[in-house]
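*Asks:* Can you look at this prediction? I've put the sequence above it.
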Amino acid sequence: MPKNFIVRKVAVLGAGVMGAQIAAHLVNANVETLLFELPAKEGDPNGNVTKALEGLKKLEPSPLASPAKLTYLQPANYGQHLELLRGCDLVIEAIAERIDWKSDLYRKVAPYLGADCIFASNTSGLSINELAQAFPEAQRHRFCGIHFFNPPRYMHLVELIPCAGTDTALLDRLEEFLVSTLGKGVVRAKDTPNFIANRIGVFSLLATLHHAPRLGLNFDTVDALTGRYLGRPKSATFRTLDVVGLDVFARVVDTMRNNLADDPWHTHFTLPDWLDKLIAEGALGQKTKRGVYQKVGNKIHVFDLGLQTYRLSEDKFDDAVKDMLRERDWAKKLDALHASARPQAQFLWAVFRDLFHYCAVHLEGIANNARDLDFAVRWGFGWDSGPFEIWQTAGWQKVVGWINEDIAAGRTMSSAPLPGWVTDATRNEVHSAQGSYSPGSNQYQARSTLPVYRRQEFPDRLPGEAMQYGETIFETEAVRMWHSGNDIAILSFKTKMHIVSSELLDDILRALDEAEENWLALIIWQTEPPFSAGANLLQLMQGVQQVGEEQSGGFFGKFKGAVQRVKYTAAGGGGLSEIVNAATGNVARVEDVIVKFQRVSQRLKYAQVPTIAAVDGLALGGGCEISIHCTRIVAVLESYIGLVETGVGLLPSGGGCKEMAQRAAAEAKGGDIFPFLRRYFQNIAMGEVSKSAEQAREMGYLRASDRIVMNHFELLHVAKQEALALVATAYRPPLIQRQIPVAGRAGIASFKASMVNMLEGDFISEHDYAIGCRVAEVMCGGDVDVGSMVDEQWLLDLERRNFLELLAMDKTQERIEYMLRHSKPLRN
Amino acid sequence: MSKQIQEAYIVAATRTPVGKAPRGMFRNTRPDDLLAHVLKSVMGQCPSLDPAAVGDVIAGCAMPEAEQGMNVARIALLLAGLPNSVPGLTVNRFCSSGLQAWLAADRIRLGEADVMIAAGTESMSMVPMTGNKIAVNPAIFTHDENIAIAYGMGLTAEKVAERWQISREAQDAFAYESHRRALQAIANNEFKNEISPYQIQSHVPDFLIREVNVHTSMAEQDEGPRADTSMEALAKLKTVFAQHGSVTAGNSSQMSDGAGAVLLVSETALKRYNLTPLGKFLGFAVAGVPPEIMGIGPKEAIPRVLRQVGLQLNDIGWIELNEAFAAQSLAVIKEVALDPAKVNPLAHCHLAAWVAQAQTEIWHGHHVYWNGHGCCRNF
């Protein structure tokens, strides 16, 4: 086997919902991709694929990191292009879940597969070993299951399922490709029906379906209970079901009923009558605009079990239960739920209990160890914690006792006894420092040692695993500067949502001094996302997310929200409360903070050692300004970057306007600056936020030299390598540009002209206009002739003056106050 | 009444079909080529005429830059094969630029020329609405009364709709009727005599043979009218220029590409070259209105030109009225009390290219033409 494993080209067979989105994600990752479909009966033989590609544009959240990516996807059809398969190193089959159709296709394409091609099926439930039978024996060792989750760009999980003959070395290489190139989290699953995540996830849903009616809870109440309060997506249970599709769920349950006759819970693998009835009526969920929920006008209606029809959705949340759920410690949370006689608490305990019970009984059969099961559920369904993690955190033996009591009392869905390894009195954990428990080998299995995981200095954590972030260089209330080798210093913010406060600015200056004295480079990396938003924004986002999801009924809301909600967030940095406090009292102090912020930005830009912003998630307002001033940005694909200060009536004054004006001037290369500036002006004036790092590049926040990383667990590694590369190539900071051409007074007038139309058309308010005019003034270099040369300080002074003038305005203060009070932007 | 020493006669008129912009059939056809085509064509209609006798070619262009920049009139006449002794002049009055080419008639009426060409061309596909470079004068913002100079035309249509109380429904109905009339006219072959079909050449990379593939196709009919539109579809469209307004893409003119030309001669030339007149030029008036309601211009210009030529409104049998926005057309119809049946009987739309379309229709239809800034009449 050659040393390098290179995937030059991938073919995806089947341009359905999953196939097309997998193909889209492959091009997101710069992998050359062919998307195959049946030849169209009429017209262009690629018509079916072309149609699927059009459909990709309309999906929300977008499967494409940028619309331009679509042009890289090559359409193909089985009628004309089978020869092209010879050039593919990986073929992913994602056609309909019919074993006969799949087998036919395998027989058809097998002769065209290259000698080293890996062929993988994205089946979600069919047996991999059975599917392998359609391949000639000589090719079976290159066949396996590769199970992506919908939507594949956003869901971290891919289950890899070997068949009996799959070549292990090949599987390892495929895993490396999935992890590093596509940014996925890989779990090895056994060839059992529905594999790991769906097997557990579907059971959890069946348990909910079982207990909710028993305790008189309707679906809207269940969703209120089983969403963010349990660390699961806002879409909770039934809204997720609507997104998945009731028919799809029914099929998955069928698979379980037909193939798991020996499962002790087999009698529960059926659908309740109401669900059959909805499916028969064609109410399949979001795709048919009606499922468990439906939208009537602006209101969300829910199917009511008692009424057997729809009614206005409401959440009848028991306040006592709500208090229990607000508790973050799982031990206390489960204690309270278990002890309570309230129906909503009993319901939650019952669902957890049966889920734990099911996982315990089946772990050995479906997964290699407890880690794989927990990660599968976490990454596949967006839960913050997997079942075993919760169990372990809540107290292993205590929960074992409770489950056994309930089994004995006949309260559990099955009377199957807990396996011996579970009830073993010495057991207190399944996740430990040595690894996670594997019932098959009766050992704790360490994490995979594949070389690709060396790129993950801090992988996804489990309880029991110590997480030590290197050696401290210095630590304050706001930051920690540390290192973990290579003479590279890392600065991590400690503020909530990593907002930029006055103290934090002092600390960055100190870190820069320290880095220039003793370290090769400085990386700004957060131990968890976001890169930097605002503390008050957390609530803001939750508020907006709620509204957004009610409107969309969206269930992968967590992901959808991530891209949409950020648009509504404002002024990520700058420490809003601080500004407001100062504004009401001491303007001079605000000015000091701004001057300091500008000094930080300029020092990041001109530091004698390379500075690197490792961006993951939100980088808004001040966070964006910090990142764009660094020598390099290394950003995870899912980065949402923008200068959003106008939302609270301000403008970027930490060098953001200056930097973008300077970039526009450079791009104009001596020509007319205005068209280049216009783009950046719009970004800032409208508070636009990128929906991916790729888009941030198009918006000008990432430069050609900045990097995009697919797997966010690799972010720090890539940032370090980038730093080392800069050092190795004798890094010198850029020379300070003393002559920056600006668009001047004519530029300001041209921006005003377009804004006047928006103002008169009622698209923006008077205050929006006033803010926009000031952004224009700053970015055009003030009331000077077109083409005048200014320096950076000139632009920074304009930023500062205009910021302070805006801050002095009543309407801006109203906006800030409203934001702090209601966590929502005010349009005044 | 204006004074003149001789009459100006229209002896030939033609236009290209009108393409939609920016993705229509002329998206890759240059406006100077379109203009050259109609100049050639209009000369071809009068074979007895000595091309060297043309005193001047006056062409209107709303955005005279880039592909239609420099002196596009002169460039196109040379491309059309007219002798290089024939001069050319490009005139601009934004949307009514093509109409301003009628000053060609005045040269004849003053006795300074015997043969003139009035023409117009516009590619909205190639030159965007506000030109390639926006550079607004800062002085606009120093006096509030000047701020409307910065208003986009759509916004002015909203202002007109608001002031003259033109409802969304009325605008949509007008737009729908426009499409209906245009489709009817096409079905009845009404434009046959006025359109000079244009052979479009497209040069596209052919990836199968890895060579440039030169396609030719014939543009023969207007692209704008939509058979698939309906009141329901129009009602669904969102407003574009004002959040709570009434002007939509559906009740505004389409952006378009095209060119047109008219040949004018004095009585002397008419006899010398043995030509048959299509019509006679009577008069022309233009008026300014506040920029924020610019589309209402004909309200001032129509009475002015009627006084000038000594006619009453009901003497006029056919009125071609600018239809940049249904709101603005309806306001003019209401304000001047025009007979809707006489207004744009073959329908119109069309910002830049109506220049071409309207002019020729008038002469082929033997009727009268009004527009935002002026009018003229045949006999």
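*Replies:* Perfect, I can see it now. Numbering: from 1, shown residues only, chains lettered A, B, ... in the order given.
*Asks:* Contact residues of the stretch 51-200 of chain B facing chain A?
*Replies:* Selection of the stretch 51-200 of chain B residues close to chain A by CB under 8 Å from any CB of the partner chain yields B:133-138, B:140-141, B:147, B:150-152, B:155, B:158. In short, each C-beta sits where N, CA and C put it, glycine included.
*Asks:* Near chain B, which residues of the stretch 51-200 of chain A are found?
*Replies:* Counting by CB under 8 Å from any CB, the stretch 51-200 of chain A has no residue next to chain B.
*Asks:* those helices in the stretch 51-200 of chain A, which residues are they?
*Replies:* A:99-109, A:128-132, A:168-176, A:197-214 (DSSP state H, counting those that start in this stretch).
*Asks:* How about the stretch 51-200 of chain B?
*Replies:* Under DSSP H, counting those that start in this stretch, the stretch 51-200 of chain B gives helices at B:72-79, B:97-100, B:103-109, B:153-163, B:168-187.
*Asks:* For the longest one, buried residues please.
*Replies:* Taking 16 or more other CB atoms under 10 Å in any protein chain shown as the neighbour-count basis, helix B:168-187 is seen to contain the buried residues B:168, B:170-176, B:178-179, B:181-183, B:185-186.
*Asks:* Ok, stretch A:787-806 next?
*Replies:* Here stretch A:787-806 shows A:787-788, A:790, A:792, A:794-804, A:806 as buried, counting by 16+ other CB under 10 Å.
*Asks:* wait, which of the residues you listed is closest to A:Pro63?
*Replies:* A:Glu799 (37.7 Å; CB to CB).
*Asks:* picking that back up, between the residues of the stretch 51-200 of chain B next to chain A, identify the one with the most neighbours.
*Replies:* B:Glu158 (28 neighbours; other CB atoms under 10 Å in any protein chain shown).
*Asks:* Read off the pLDDT value for it.
*Replies:* pLDDT recorded at B:Glu158 is 97.
*Asks:* Distance-wise, check A:Lys332 relative to A:Arg378.
*Replies:* 22 Å (CB to CB, to the nearest Å).
*Asks:* Those two: who's more crowded?
*Replies:* Each of A:Lys332 and A:Arg378 had its neighbours counted (other CB under 10 Å), and the higher figure belongs to A:Arg378 (23 against 12).
*Asks:* I'd guessed the more buried one sits against A:Ser385; true?
*Replies:* Yes: taking contacts as CB atoms under 8 Å, A:Arg378 lies within contact range of A:Ser385: 6.9 Å.
*Asks:* Below-threshold pLDDT in the chain: ranges please.
*Replies:* Went with chain A since none was named. Within chain A, the ranges that satisfy pLDDT under 70 run A:534-588.
*Asks:* Chain B, not that one
*Replies:* In chain B, residues with pLDDT under 70: B:1-2, B:347-379.
*Asks:* what about the strands in it?
*Replies:* B:8-15, B:19-20, B:56-60, B:88-91, B:115-123, B:198-206, B:211-219, B:256-265, B:279-281, B:369-371, B:374-376 (DSSP state E).
*Asks:* Just give me how far the fourth one sits from the chain centre.
*Replies:* The chain centroid and the centroid of strand B:88-91 are separated by 16 Å, computed with CA atoms, centre = their mean, to the nearest Å.
*Asks:* And that strand, what's buried?
*Replies:* Those would be B:88, B:90-91, for strand B:88-91 by 16+ other CB under 10 Å.
*Asks:* what residues does it touch?
*Replies:* Applying CB atoms under 8 Å, 6 or more residues apart in numbering or on different chains, the external contacts of strand B:88-91 come out as B:56-61, B:64, B:71-77, B:97, B:100-101, B:103.
*Asks:* One more pass at 10 Å, please.
*Replies:* With CB atoms under 10 Å, 6 or more residues apart in numbering or on different chains as the test, strand B:88-91 has contacts from B:35, B:39, B:54, B:56-61, B:64, B:68-78, B:82, B:97-104, B:117-121.
*Asks:* Wait, A:Phe119 touches A:Ile128, no?
*Replies:* No: with contact defined as CB atoms under 10 Å, A:Phe119 and A:Ile128 do not form a contacting pair (11.3 Å).
*Asks:* list the contacts for residue 241?
*Replies:* With no chain named, the answer covers chain A. Counting by CB under 10 Å, 6+ apart, A:Leu241 touches A:205, A:208-209, A:219, A:223, A:235, A:248-249, A:275, A:285-286, A:291-293, A:555.
*Asks:* oops, chain B please
*Replies:* A:757-758, A:760-763, B:151-159, B:161, B:247-248, B:252, B:325.
*Asks:* Can you select the buried ones from those in ChimeraX?
*Replies:* Only the buried entries of the contacts of B:Phe241 go into this ChimeraX selection, using 16+ other CB under 10 Å:
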select /A:757,758,760,761 /B:151,152,153,154,155,156,157,158,159,161,247,248,252,325
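*Asks:* Hmm, A:Asp506 is touching A:Val500, no?
*Replies:* No: counting by CB under 10 Å, A:Asp506 does not reach A:Val500; the two are 11.1 Å apart.
*Asks:* Which one's more surrounded, those two?
*Replies:* With neighbours defined as other CB under 10 Å, A:Asp506 and A:Val500 compare such that A:Val500 has more, 28 against 15.
*Asks:* Make JSON lines out of the buried residues of strand B:88-91 and add distance to B:Trp318.
*Replies:* Converted to JSON lines, those look like this (distance: CB to CB, whole Å):
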{"residue": "B:Gly88", "distance to B:Trp318": "30"}
{"residue": "B:Thr90", "distance to B:Trp318": "29"}
{"residue": "B:Val91", "distance to B:Trp318": "25"}
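*Asks:* Tell me the one among these nearest to chain A.
*Replies:* B:Thr90 (23.2 Å; CB to the nearest CB).
*Asks:* Bridge partners for that closest one, pull those for me.
*Replies:* When assigned by DSSP bridges, B:Thr90 has beta-bridge partners B:Ala59.
*Asks:* what's the spacing between it and B:Ile10?
*Replies:* 21 Å.
*Asks:* try A:Cys657
*Replies:* Taken as CB to CB, the span from A:Cys657 to B:Ile10 is 58 Å.
*Asks:* thinking again about what came up before, overlap of the contact sets of A:Arg378 and A:Ser385?
*Replies:* Counting by CB under 10 Å, 6+ apart, the residues touching both A:Arg378 and A:Ser385 are A:231, A:462.
*Asks:* I'd like to check the angle between the longest helix along chain A and helix A:197-214, please.
*Replies:* For chain A, the longest helix by residue count, based on DSSP state H, is helix A:343-366. Using axes from the mean of the first three to the mean of the last three CA atoms, to 10 degrees, the inter-axis angle of helix A:343-366 relative to helix A:197-214 is 150 degrees.
*Asks:* returning to that earlier point: out of the contacts of A:Leu241, grab the one that's most surrounded.
*Replies:* Neighbour-wise, the contacts of A:Leu241 (other CB under 10 Å) top out at A:Ser235, 29 neighbours.
*Asks:* Let me know whether that residue touches A:Val243 as I believe.
*Replies:* Yes: proximity of A:Ser235 to A:Val243 meets the contact threshold set by CB under 10 Å, at 6.5 Å.
*Asks:* partner residues bridging the residue in the stretch 301-450 of chain A positioned nearest to chain B?
*Replies:* Here the stretch 301-450 of chain A gets closest to chain B at one residue, A:His301, 24.7 Å apart by CB to the nearest CB. Applying DSSP bridges to A:His301 yields these beta-bridge partners: A:Gln294, A:Leu312.
*Asks:* Enumerate the residues of chain A near chain B.
*Replies:* With the criterion set to CB under 10 Å from any CB of the partner chain, chain A comes near chain B through A:672, A:674-675, A:678, A:743-764, A:773, A:783, A:786.
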